[in-house]
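**Student:** pasted the sequence and its predicted model underneath.
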Amino acid sequence: MSLLPDTARQVDSLVARAQAEGRAPSFALGVVRDGALAHLAVAGEHPQPDADRQYRLGSISKTMTAVLVMQERDAGRLSLDDPLERHLPDTPVGTLTLRQLLGHASGLQREPDGRWWERTEGVDLATLVAGLTPDKIAFPPHHVYHYSNLAYGLLGGVLERRTGTPWFELLRERVLEPLGMRRTTYHPTEPYARGYVVHPWHETLREEPRTDTGAMAPAGQLWSSIEDLGRWAAFLADPTPEVLAPETLTEMCAPVVISDLDSWSGGHGLGVELYRVGDRVYVGHGGSMPGYIAGLAVHRPSRTAVVDFANAYGLRKGHHIVGLARQILTLVLDAEPAPVQPWRPADAPPPTELAELTGRWWWMGAEYEMRVDPAGDLWAGPVGQPVLRFTAEGPDRWRGRTGGQDGEILTVLRDETGHPVALDIATFVFTRTSDQEP
C-alpha cells in the first residue's frame with residue numbers, strides 16, 4: 001500500500017534535504033509496509049538512484065550473520081553460552097561466549113590487528129585468529145557495551161568451522177535465496193553506486209576502494225539494493241519460519257546490553273540494534289564502509305520499516321543515515337497508523353469445556369475475567385483488560401504466551417462432577433467467588 005500523498009511529500013523533502021545538506025552524491029530511501037516497498041524517495045545524480053541499484057551494506061551484514069548463528073543454535077549444533085574456544089580452539093580470547101560476541105557485550109576490542117581492515121584486502125580465518133592476543137579483551141565481559149567488528153569476524157569463523165561451508169555460501173543458501181534477495185551479493189554487481197569521500201574544502205569526490213574483506217566479511221562485506229534490503233526489513237518484522245522461527249527472532253530483539261546508560265534510549269540484542277523513540281522500540285542496524293553508509297529501522301508490531309543508502313562516507317551538518325531512517329519511520333507511523341480492524345462476531349459458541357472457563361474469577365480479593373477468542377485461546381486479566389493469552393497444551397493445561405505469565409502453566413481444577421472450580425496459574429489459585437477456597 002502506497003503512502004498518502006502528504007506523507008510521501010514529507011518523506012521526499014527530508015531525503016532531499018539530507019542529500020543536499022549532507023553532501024551525498026546520491027541518496028535512496030525506501031519505506032516498507034506489510035512486506036512490500038510502499039515508497040521510494042531518491043535524491044542526487046551521481047549516480048541516479050533507484051530501487052535496484054546496489055550500495056554497500058557495511059555492518060547491516062552483521063544482522064544476517066547473527067541469523068545464521070541462531071539457525072545453528074535452533075538446530076542444536078551449538079549453544080549461545082558456548083565459549084568461543086569450543087568452536088575456534090587455541091585462541092587467546094576463547095573464554096568469551098557466543099552470546100557475548102553477538103550482543104557486543106564481550107569486552108572485545110573493536111578492530112583486528114594490522115591495517116584498517118575496511119580499506120585493505122582481507123586475510124583468511126587462520127591469519128585473523130593467529131593475530132589475536134589476550135589484550136584484545138579490553139573490558140570484563142558484560143561490564144560495558146563495546147561495539148566490536150572483530151567479534152563478528154570470529155562468529156563468521158565459528159559458522160565456517162561448524163558447517164564446513166564458507167560464510168557467504170551459507171548465507172546465500174540459507175537466507176538470501178529463500179527470501180528472494182538476489183541483489184544482495186558479496187561483490188558489487190551492476191548497476192551499483194561507486195562510493196566516495198567528499199573533499200571538505202572544494203567538494204570534489206575521491207572514489208574509495210571496494211575491498212574483499214576476507215575473514216572479516218561477516219562484519220560488513222555485503223552489497224544490496226533498496227528493494228532487497230526492504231525484503232530483509234520485512235523479514236525482521238515478520239520472519240519466514242522456514243528461515244528462522246518467529247520466537248527466535250523475538251529472542252534476538254531482546255536486549256543483551258544497554259548501550260546508553262544515561263537515558264536507556266538504545267541497546268543491543270543478538271545481532272540487532274535497539275532504538276527507543278518515544279513509546280516505540282525499533283530494531284535495526286547502521287552500516288558504513290569507505291564510501292558508503294546505510295540504515296535500517298524496523299517497527300515490528302506494525303510491520304513497517306525504513307531502509308536507506310548514501311554513497312558518501314558520512315553526511316554533513318548533523319545528518320545521520322540511521323537517524324533519518326528512525327525519523328521517517330516515526331513520521332510514517334504517526335501520520336498513517338495501522339487501520340483499526342473491525343470486530344466480527346464468532347461463527348459459533350466455543351465447546352462446553354472451553355466456555356465453562358470463561359467469565360469472572362477472583363484472586364486475593366480482586367476480580368478478573370477470562371475470555372475465549374475465535375482461535376480457541378484464553379485471554380485473562382483484570383475486568384475489561386484481558387491482556388494475558390494462554391494456548392492449550394492438553395486437557396485442562398494451558399501455556400501463557402504474553403506478559404508476566406509468558407511460559408507459565410494454567411491448570412484447571414475440577415470438582416468430583418467435572419465442573420471447573422478453580423484455575424491454578426503458576427500456584428496462584430483463582431476461584432469463582434471472592435471468599436471461596438479451592
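**Tutor:** Thanks, I have the structure now. Numbers count the residues shown, from 1 in each chain.

**Student:** from now on I want contacts and neighbour counts done on CA atoms only, so please keep to that.
**Tutor:** OK.

**Student:** which residues in the stretch 251-400 of the chain form helices?
**Tutor:** Assigned by DSSP state H, counting those that start in this stretch, the stretch 251-400 of the chain shows helices spanning 321-335, 352-355.

**Student:** out of those helices, deepest packed?
**Tutor:** For the helices of the stretch 251-400 of the chain, the largest average neighbour count (mean count of other C-alpha atoms under 10 Å) is found in helix 321-335, namely a mean of 20.

**Student:** hang on, the earlier thing: same list (the helices of the stretch 251-400 of the chain) but as JSON lines, adding mean pLDDT.
**Tutor:** Output for the helices of the stretch 251-400 of the chain, formatted as JSON lines (pLDDT from 0 to 100):
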{"stretch": "helix 321-335", "mean pLDDT": "98"}
{"stretch": "helix 352-355", "mean pLDDT": "91"}
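
**Student:** figure out which of these is closest to Glu203.
**Tutor:** Glu203 sits nearest to helix 321-335 of all the helices of the stretch 251-400 of the chain, at 19.6 Å, using C-alpha to C-alpha.

**Student:** just to revisit the earlier point, now the helices of the stretch 251-400 of the chain in JSON lines, with distance to Leu96?
**Tutor:** Shown next, in JSON lines, are the helices of the stretch 251-400 of the chain (distance: least, C-alpha to C-alpha, whole Å):
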{"stretch": "helix 321-335", "distance to Leu96": "29"}
{"stretch": "helix 352-355", "distance to Leu96": "49"}
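
**Student:** for these, which one sits closest to Leu3?
**Tutor:** Short answer: helix 321-335, nearest of those by C-alpha to C-alpha, at 8.2 Å.

**Student:** same for the closest one, what does it pack against?
**Tutor:** Packing partners of helix 321-335 (3 or more C-alpha pairs under 8 Å, 6 or more residues apart in numbering; DSSP states H and E): helix 5-22, strand 280-289, strand 292-299, strand 304-310.

**Student:** out of the helices of the stretch 251-400 of the chain, flag the one nearest Leu102.
**Tutor:** Within the helices of the stretch 251-400 of the chain, the stretch nearest Leu102 is helix 321-335; the backing value is 20.2 Å (C-alpha to C-alpha).

**Student:** got the angle for that closest one vs strand 280-289?
**Tutor:** Using axes from the mean of the first three to the mean of the last three C-alpha atoms, to 10 degrees, the inter-axis angle of helix 321-335 relative to strand 280-289 is 150 degrees.

**Student:** residues contacting helix 321-335, please?
**Tutor:** The set of residues external to helix 321-335 that reach it, using C-alpha atoms under 8 Å, 6 or more residues apart in numbering, is 7, 11, 31, 277, 282, 285-286, 293-299, 304-310, 315.

**Student:** about what we covered before: of the helices and strands packed on helix 321-335, which is nearest Thr165?
**Tutor:** strand 280-289 (25.1 Å).

**Student:** who does that closest one touch, helix- and strand-wise?
**Tutor:** Identification of packing neighbours for strand 280-289 by 3+ C-alpha pairs under 8 Å, 6+ apart yields strand 273-277, strand 292-299, helix 321-335.

**Student:** run the chain-centre distance for the first one.
**Tutor:** Its chain's C-alpha centre and that of strand 273-277 lie 10 Å apart, by C-alpha atoms, centre = their mean, to the nearest Å.

**Student:** parallel or antiparallel, list what pairs with it.
**Tutor:** Using DSSP bridges, strand 273-277 pairs in its sheet with strand 266-268 (antiparallel), strand 280-289 (antiparallel).

**Student:** residues making contact with it?
**Tutor:** 253, 255, 264-268, 281-285, 326, 330.

**Student:** do that again at 6 Å, thanks
**Tutor:** The contact list for strand 273-277 (C-alpha atoms under 6 Å, 6 or more residues apart in numbering) reads 265-268, 281-285.

**Student:** ok, now stretch 176-191?
**Tutor:** Applying C-alpha under 6 Å, 6+ apart, the external contacts of stretch 176-191 come out as 53, 222-224, 228.

**Student:** buried ones in that stretch?
**Tutor:** Buried residues in stretch 176-191, defined by neighbour count with 16 or more other C-alpha atoms under 10 Å: 176, 179, 181, 183-186, 188.

**Student:** of all those residues, which two lie farthest apart?
**Tutor:** Among the buried residues of stretch 176-191, the pair separated by the greatest distance (C-alpha to C-alpha) is Leu179 and Pro188, at 19.3 Å.

**Student:** re earlier: could the buried residues of stretch 176-191 be laid out in TSV, adding distance to Gln100?
**Tutor:** TSV is the format used below for the buried residues of stretch 176-191 (distance: C-alpha to C-alpha, whole Å):
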residue	distance to Gln100
Leu176	26
Leu179	28
Met181	29
Arg183	31
Thr184	27
Thr185	28
Tyr186	26
Pro188	31
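
**Student:** and those, which is closest to Glu203?
**Tutor:** Distance to Glu203 across the buried residues of stretch 176-191 (C-alpha to C-alpha) is lowest for Pro188, with 25.3 Å.

**Student:** tell me the phi and psi of the closest one?
**Tutor:** Dihedral pair for Pro188: phi -60, psi 140, per degrees, to the nearest 10.

**Student:** how much space separates it from Gln48?
**Tutor:** As for Pro188, its distance to Gln48 is 17 Å (criterion: C-alpha to C-alpha, to the nearest Å).

**Student:** please apply the same query to Leu315.
**Tutor:** Remark: distance between Leu315 and Gln48 (C-alpha to C-alpha) = 18 Å.

**Student:** now swap in Ile425 and tell me
**Tutor:** 60 Å.

**Student:** thinking again about what came up before, which of the buried residues of stretch 176-191 fall in helices?
**Tutor:** Judged by DSSP state H, helices contain none of the buried residues of stretch 176-191.

**Student:** okay, now the domains of this structure?
**Tutor:** 5-335, 352-431 (automatic domain parsing).

**Student:** turn the strands paired with strand 273-277 into JSON lines, including mean neighbour count, distance to Ala338 and mean pLDDT.
**Tutor:** Shown next, in JSON lines, are these (neighbours: other C-alpha atoms under 10 Å; distance: least, C-alpha to C-alpha, whole Å; pLDDT from 0 to 100):
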{"stretch": "strand 266-268", "mean neighbour count": "23", "distance to Ala338": "25", "mean pLDDT": "96"}
{"stretch": "strand 280-289", "mean neighbour count": "22", "distance to Ala338": "14", "mean pLDDT": "97"}
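
**Student:** can you list those strands in TSV and add distance to Ser106?
**Tutor:** Formatted as TSV, the strands paired with strand 273-277 follow (distance: least, C-alpha to C-alpha, whole Å):
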stretch	distance to Ser106
strand 266-268	12
strand 280-289	19
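
**Student:** quick one: closest of these to Ala130.
**Tutor:** Closest of these to Ala130 is strand 280-289, at 24.5 Å (criterion: C-alpha to C-alpha).
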